[in-house]
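Chemist: Fold the following, please.
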Amino acid sequence: MIRAGRQHLVRTLEDLAAQQGVGIDHYTRLKPYAAKGFPEPINSKGSRTQLYDGEQVDAYLLGKPVPPLPEADDDGDLLDRRECAALIGAAPDSWKTCKTDPALTEARIEAGGVEHWPRRAVLRLAGRPGDAAPQPGRPKSTGDQVPRDQVAALVADPTISAATVTARLGVHRNTGQDALTRLRADRIADHIEAHPTLTPAEAAAQLGYPAGQVRRATARAETVLRARHVAPYLADVAAALHRAGWTTEPAAPEVQFSGGDRVVAALVLDGDQAPAPALVWDERYGWRTAASRRHPITKGAVPPSEGGGVRYLAGGITPQPGDVVAALAP
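Modeler: Numbering: from 1, shown residues only. Coordinates of the predicted model:
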């Protein structure tokens, strides 16, 4: 499981390969993760995608003692499908049905490309696995009456429910919930910046958001805060690339939330002598080149392998802007 508050530390084998500056095929042939003392995967045995705790991996690679993970269960722990089924005493295959419960659909979180659910949400389901009740909202096969990218701007009160958004705007409940999540996350982040001692959950409570409906918003707020923290650094790199003549504009890149829980950004290198079409920053591994100016950020949790215009730059997650320029120089 992913212990509470450690979602941003999750790494896949692809992340570990990128961290070492090699492609995933080469990395899985060498299997350094099978060496004695290498941290164990944090997800359940038998999972197709192996997930690791970044703090543990970094300590191992630096030759330092691997810190133990928290042992006490927490309501904020994130469980994969096998762990969820075990918690409620159900067979793993039955989780396909259990997870369609509206409360679990709302609470679902993707980490490392794998579905997870908070322990608190699963415990609420305990004792009643089975078919979920029909989900209310927009009638099936009908379209949203408001474009999705405009819904958040029309939600004046983030304390209302997704059902209320659905009724007022004529959109699907999932569309309304997504808009509420993004709006609440931004407001929570604003409140924490004004009151730095607060946790996301405490900020949500002070803002009056429904306690049972803000897990996704508080998780996203943590991502929003990380994005705001790294924005000045990304702006400095953009300025350095402009001075090098590789971008025609010195503007900072727009930060994006890939998969909802990962901070990424892309810089298009449109100068005449630019060494690559684009440059992508990912909070998991730092900088890499991209072969496409139009779609530099790839979908999914798996980073692209090296080759075909993709090259990972050494130097850690946030190397100095001048070092980024030097690493790109032909």
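Chemist: Quick one: low-confidence residue ranges for the stretch 201-330 of the chain.
Modeler: For the stretch 201-330 of the chain, the stretches with pLDDT under 70 are 259-260, 300-301.
Chemist: ok, which stretches of it are helices?
Modeler: Remark: helices assigned in the stretch 201-330 of the chain by DSSP state H, counting those that start in this stretch are 215-243, 321-328.
Chemist: Quick one: neighbours of Q7, just the number.
Modeler: Q7: 20 surrounding residues under other Cβ atoms under 10 Å. For the C-beta atoms, the positions are set from N, CA and C on the backbone; glycine is no exception.
Chemist: Hmm, it is touching D261, no?
Modeler: Yes - in this structure, Q7 is within contact of D261 by Cβ atoms under 8 Å, at 6.1 Å.
Chemist: Now do the shared contacts for these two.
Modeler: I109, A111, A219 (Cβ atoms under 8 Å, 6 or more residues apart in numbering).
Chemist: for these, which one is nearest W287?
Modeler: A111 (22.6 Å; Cβ to Cβ).
Chemist: From what I see, that closest one and Q7 are in contact.
Modeler: Yes - between A111 and Q7 a contact is recorded at 5.3 Å, counting by Cβ under 8 Å.
Chemist: Now list whatever residues contact both of those two.
Modeler: Contact criterion Cβ under 8 Å, 6+ apart; residues shared by A111 and Q7: L78, D261.
Chemist: and the direction of the longest strand along the chain versus that of helix 215-243, what angle?
Modeler: Longest strand of the chain, by residue count under DSSP state E: strand 262-268. Going by axes from the mean of the first three to the mean of the last three Cα atoms, to 10 degrees, strand 262-268 is angled at 30 degrees with respect to helix 215-243.
Chemist: Need the CA coordinates for strand 262-268. PDB is fine.
Modeler: The C-alpha coordinates for strand 262-268 follow below in PDB (Å, rounded to 0.1, in the frame of the first residue of the first chain):
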ATOM      1  CA  ARG A 262       2.100  14.500 -11.000                       C
ATOM      2  CA  VAL A 263       3.500  17.900 -11.800                       C
ATOM      3  CA  VAL A 264       4.900  18.200 -15.400                       C
ATOM      4  CA  ALA A 265       5.700  21.100 -17.700                       C
ATOM      5  CA  ALA A 266       6.900  21.500 -21.300                       C
ATOM      6  CA  LEU A 267       9.000  24.100 -23.100                       C
ATOM      7  CA  VAL A 268       8.800  24.300 -26.800                       C
END
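Chemist: roughly how far is that strand from the heart of the chain?
Modeler: Centre-to-centre, strand 262-268 and its host chain are 13 Å apart (Cα atoms, centre = their mean, to the nearest Å).
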